[in-house]
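Undergrad: 3D, please:
(one chain, ligands or ions: 1)
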Amino acid sequence: MWGITKRGGKRNRKKEQQKQQAAQTAANHIKEGMTIGLGSGTTAHYLILEAGKKYAQGLHFYGIATSRESEQLAASLGIPLLEPKQAGKIHLAIDGVDEIDRDHRAVKGGGGAFLREKIIASWADDVIWIMDESKMVEHLGTFPFPVETVPFGMP
Ligand SMILES: O=C(CO)[C@H](O)[C@H](O)COP(=O)(O)O
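TA: This next block holds a predicted model:
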């Protein structure tokens, strides 16, 4: 039991390191004056932390968040946030994935932010997906396909 926990711990550490490295690399693509789509989930959490560091170092950009959680985190780091109505253009969106294949087809939305993520990604000039290696699959379909219902659309 102890052995399993220990190995699991190591595996998790590696996974977290990979998420963090992916986030750091992606954050280097944030440039002065850009509007950045900020993703949701644990990998995007690292991205927002990295973006917050860059903002604190004097890089000025705006964020547009794909979920309330990401919005709160970004705001707590001082990143100025825009509502969709205010953002004329989204230069770059950075977000996690639930799984991705060799052809860069991905499943997203498992964290429950599907609609906002999809709107922001489709609106952005460029999108960077960030992930640890556990997200890479031969064939999509291992991860349950997320479906989001929008209460506004319900009778
Ligand atoms: O689509 C998402 C949220 O709706 C996430 O980006 C996706 O679920 C990946 O999350 P994590 O980085 O925590 O594995």
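Undergrad: all contacts plus neighbour counts: C-alpha atoms, from now on.
TA: OK.
Undergrad: name the residues of this structure found near the ligand, please.
TA: 40-44, 95-98, 108-114 (C-alpha under 6 Å from any ligand atom).
Undergrad: out of the residues you listed, which are buried?
TA: 40-44, 95-98, 108-110, 112-114 (16 or more other C-alpha atoms under 10 Å).
Undergrad: restricted to helices, list the residues of the chain next to the ligand.
TA: With helices defined by DSSP state H, the entries of the residues of the chain next to the ligand inside them are 42-44, 114.
Undergrad: CSV for those, including pLDDT and distance to L77?
TA: As requested, those are exported to CSV (pLDDT from 0 to 100; distance: C-alpha to C-alpha, whole Å):
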residue, pLDDT, distance to L77
T42, 97, 16
T43, 98, 17
A44, 98, 14
F114, 91, 24
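Undergrad: closest to Q18 among the residues you listed?
TA: Distance to Q18, by C-alpha to C-alpha, is smallest for T43 among these, at 9.1 Å.
Undergrad: wait, doesn't that closest one sit right on Q20?
TA: Yes - applying C-alpha atoms under 8 Å as the test, T43 and Q20 come out as touching, 7.1 Å apart.
Undergrad: what about the strands in the chain?
TA: Remark: strands assigned in the chain by DSSP state E are 35-38, 62-65, 90-96, 99-100, 106-107, 124-130.
Undergrad: L81 - how many residues pack around it?
TA: Neighbourhood size, L81 [other C-alpha atoms under 10 Å]: 21.
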